[in-house]
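Novice: quick one, what's the 3D model for this:
(chains A and B)
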Number of protein chains: 2
Amino acid sequence: MHQVDFINGKTRVFGIVGDPIEQVRSPEMMTWEFHQRPYNAVMIPIHIAQSDFDHVIPDIMQIRNLDGLIFTIPFKVKALGLAKTLGQQASLVGAINAIKRQSNGDWCGEIFDGLGCVEAFKRRGIALTNKRIQLIGLGGAGSAICVAVAHEHPSLMRLFDLNERRAEQMMQLVKQISPQTVVEMGPPRCDGIDVLMNASPVGMLSDARLPLAVDAFKKDLVVFDAIVMPEITPLLKLAQDCGCEGVKGREMMLGQISKLVDYFLAP
Amino acid sequence: MHQVDFINGKTRVFGIVGDPIEQVRSPEMMTWEFHQRPYNAVMIPIHIAQSDFDHVIPDIMQIRNLDGLIFTIPFKVKALGLAKTLGQQASLVGAINAIKRQSNGDWCGEIFDGLGCVEAFKRRGIALTNKRIQLIGLGGAGSAICVAVAHEHPSLMRLFDLNERRAEQMMQLVKQISPQTVVEMGPPRCDGIDVLMNASPVGMLSDARLPLAVDAFKKDLVVFDAIVMPEITPLLKLAQDCGCEGVKGREMMLGQISKLVDYFLAP
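Specialist: Modelled structure (predicted):
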């Protein structure tokens, strides 16, 4: 039989939309996760020029066997307008990175950066409940992480962003989500905390900086970095050197893949 | 590594468009053929409602990493309007079943039913050049087969269709393509011919009829049936019983898959 066994007329289609697109990892990782369930679906790369987004994407959403889309650079902000309703995380964060067709035909948007981060900690067996957490960076991924972590009800959340107004807004949001959590803002520190989380771009690619002024960590600190490239950032290297447990951006990405497939396949 | 090895950010996307879509075989067969080359591409099923076709397909054609589409029921006629230019076969037949993006960005249409049929004969090592051929049925597939076979310059082509005007048109077309071929029309017969070709729907699914009145074939007659289901039609069964070589619709489909990938991957 001259045929492959992973795609046929019954295959459900999902896509990741971006410009450029060649660097994305979701097609191979999401498709792997679909097949693990097992579910007859693939995720394809969808390369859309920025000037085409507004008229092309609504028509792609008319394809009857296309059930969901993920959005990456530069479409995360524009994607928000495609969702008729928002999921729990997205309505708090005010941003989405995925949409799915619901059983009533409406498209719902949700954001998974934060859920992926919390999932990564769960897979390590590390509870965030009642922990003291320092979070650095409250941009796209950082604010989603802030909201998802707040839902775990830590005892303390210290927030830092270069944009103070942003930090204030997120502080109010954490108080609303988890009234029992003590929320502070200010320059990042690693004393008096259990978990240090970096969601800022400091340390990305060839950036050798640390996202906070520090020489060493106490051994029982858990250090997380949302950055995927490099896999071991300067922050995670220091954590390694100090004997700390480090949670990598790649683990957050894997957690996000799993949560995305849960979401896409839920009724 | 939690990932599959057949799809990634660099994968080129092709689609087959139809309504319904679940029965199509192109996704697994075309994707297999891409991988044989080897070429990083998949063919996905694209289910479009008939009322959505006119506005959705032009936008799908804006996806930068989507390079070609195949059209099946009920879109073969509508698809013609999407092609800015036509390939050699399509311009003669006046119909297409596939479009591809050319290097200049324009979309070109072509039809592959006939080319697939000729390819099936080539794979059997049977030349059609200088052969005497009876062709029954000049509808969508039949007229494409008629044009492709005429390009092989048979010595005789006898054409039959219930629509006599259609048969007359195709007779003129064969004369134009291959001036040295004797062309006749009239009720189908199997005397004085080397190859009998059925491109009519007679014998499809549970239809037990033969497409011409006959009890037996001479042993050296080659019998072809374009019907895919059943694999052995009443016509091919009679050919088997008479010791004739039979060429199946499935072979034409495989030939078409191969020709389609040649076309899609040509510069």
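
Novice: any idea how far stretch A:228-239 is from the middle of the chain?
Specialist: Chain-centre distance of stretch A:228-239: 18 Å, with CA atoms, centre = their mean, to the nearest Å.

Novice: check whether the helix or strand hosting residue A:250 contacts chain B.
Specialist: In this assignment (DSSP states H and E), residue A:250 forms part of helix A:249-265. Yes. Using CB under 8 Å from any CB of the partner chain, helix A:249-265 comes into contact with chain B via A:254, A:257. All C-beta spots, glycine's among them, are computed from the backbone N, C-alpha and C.

Novice: before we move on, what about stretch A:109-117?
Specialist: No. Using CB under 8 Å from any CB, stretch A:109-117 stays clear of chain B, coming no nearer than 13.4 Å.

Novice: look up how far residue A:84 lies from whatever residue of the stretch 151-267 of chain A ends up closest to chain B.
Specialist: Nearest residue of the stretch 151-267 of chain A to chain B: residue A:254, at 6.4 Å (CB to the nearest CB). Using CB to CB, to the nearest Å, residue A:254 is found at 29 Å from residue A:84.

Novice: ditto for residue A:122
Specialist: Counting by CB to CB, the gap from residue A:122 to residue A:84 is 30 Å.

Novice: then residue A:35?
Specialist: Distance from residue A:35 to residue A:84, by CB to CB: 30 Å.

Novice: next one: residue A:175
Specialist: 29 Å.

Novice: settle this for me: residue A:14 is touching residue A:46, isn't it.
Specialist: No. In this structure residue A:14 lies outside contact range of residue A:46 using CB atoms under 8 Å: 9.7 Å.

Novice: all strands for the stretch 1-150 of chain A, in order.
Specialist: With strands called from DSSP state E, counting those that start in this stretch, the stretch 1-150 of chain A shows them at A:12-18, A:41-47, A:66-71, A:85-86, A:98-101, A:107-110, A:132-136.

Novice: the fourth one pairs with which strands, parallel or anti?
Specialist: Using DSSP bridges, strand A:85-86 pairs in its sheet with strand A:107-110 (parallel).

Novice: again with the first one
Specialist: Strand A:12-18 pairs in its sheet with strand A:41-47 (parallel), strand A:66-71 (parallel), by DSSP bridges.

Novice: I'd like the ones you listed as TSV, with mean pLDDT appended.
Specialist: Below are the strands paired with strand A:12-18 laid out as TSV (pLDDT from 0 to 100):
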stretch	mean pLDDT
strand A:41-47	98
strand A:66-71	98
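
Novice: tell me the most buried of those?
Specialist: strand A:41-47 (a mean of 26; mean count of other CB atoms under 10 Å in any protein chain shown).

Novice: ok, and what's touching that one?
Specialist: Residues outside strand A:41-47 that contact it (CB atoms under 8 Å, 6 or more residues apart in numbering or on different chains) are A:6-7, A:11-22, A:24, A:26-27, A:30-31, A:34, A:60, A:67, A:69-70, A:264, B:7-11, B:13, B:42, B:44, B:63-65.

Novice: one more time with 6 Å
Specialist: A:7, A:11-12, A:14-17, A:21, A:24, A:26-27, A:30-31, A:34, B:9, B:11, B:13, B:63-65 (CB atoms under 6 Å, 6 or more residues apart in numbering or on different chains).

Novice: type out the ChimeraX command that picks the buried ones from these.
Specialist: This is how ChimeraX selects the buried members of the contacts of strand A:41-47, with burial counted by 16 or more other CB atoms under 10 Å in any protein chain shown:
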select /A:7,11,12,14,15,16,17,21,24,26,27,30,31,34 /B:9,11,13,63,64,65
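
Novice: kindly calculate the angle that the helix holding residue A:250 makes with strand A:12-18.
Specialist: Helix A:249-265 runs at 140 degrees relative to strand A:12-18, counting by axes from the mean of the first three to the mean of the last three CA atoms, to 10 degrees.

Novice: quick check: residues of chain A near chain B?
Specialist: A:2-4, A:7-11, A:13, A:21-24, A:27-29, A:31-32, A:44-47, A:52, A:56, A:59, A:62-65 (CB under 6 Å from any CB of the partner chain).

Novice: please repeat the previous calculation with a cut-off of 7 Å.
Specialist: A:2-4, A:6-11, A:13, A:21-25, A:27-29, A:31-32, A:35, A:42, A:44-49, A:52, A:55-56, A:59-60, A:62-65, A:254 (CB under 7 Å from any CB of the partner chain).

Novice: next step: the contacts of strand A:41-47 restricted to helices.
Specialist: A:26-27, A:30-31, A:34 (DSSP state H).

Novice: show me the domain layout of chain A.
Specialist: A:12-112+A:254-265, A:114-250 (automatic domain parsing).

Novice: and the average pLDDT for the longest one is what?
Specialist: What that stands for is domain A:114-250. Domain A:114-250 comes out with an average pLDDT of 96.

Novice: now do the same end-to-end measure for that domain.
Specialist: 13 Å (CA to CA, to the nearest Å).

Novice: can you give me how far that domain is from the chain middle?
Specialist: 13 Å.

Novice: residue A:243 touches residue A:221, doesn't it?
Specialist: No. Assessed by CB atoms under 7 Å, residue A:243 is found out of contact with residue A:221, at 9.6 Å.

Novice: so for those two, which residue has more residues nearby?
Specialist: Higher neighbour count among residue A:243 and residue A:221: residue A:221, with 20 against 11, using other CB atoms under 10 Å in any protein chain shown.

Novice: nearest residue to the more buried one other than its sequence neighbours?
Specialist: Nearest non-adjacent residue to residue A:221, counting by CB to CB, 6 or more residues apart in numbering or on different chains: residue A:244, 5.0 Å away.

Novice: ok, the residue nearest to the spatial centre of chain A - contacts?
Specialist: In chain A, the residue lying closest to the centroid (CA atoms, centre = their mean) is residue A:113, at 1.1 Å. Residues near residue A:113 by CB atoms under 7 Å, 6 or more residues apart in numbering or on different chains: A:97, A:141, A:144-145, A:256.

Novice: how about residue A:91?
Specialist: So residue A:91 contacts nothing (CB under 7 Å, 6+ apart).

Novice: so residue A:185 is in contact with residue A:167, correct?
Specialist: Yes. Contact criterion CB under 7 Å: residue A:185 and residue A:167 qualify, at 4.5 Å.

Novice: overlap in contacts, those two.
Specialist: Joint contacts of residue A:185 and residue A:167 (CB under 7 Å, 6+ apart) are A:159-160.

Novice: when the two are compared, which one has more neighbours?
Specialist: residue A:167 (20 against 17).

Novice: neighbours around residue A:10, how many?
Specialist: 14.

Novice: for it, give me the pLDDT.
Specialist: With respect to pLDDT, residue A:10 has a value of 98.

Novice: quick one, helices of chain A?
Specialist: With DSSP H as the criterion, chain A has helices spanning A:26-36, A:53-60, A:76-79, A:88-93, A:113-123, A:140-150, A:164-177, A:234-241, A:249-265.

Novice: what helices or strands is the last one leaning on?
Specialist: Counting contacts by 3 or more CB pairs under 7 Å, 6 or more residues apart in numbering or on different chains; DSSP states H and E, helix A:249-265 packs against helix A:26-36, strand A:66-71, strand A:98-101, helix A:113-123.
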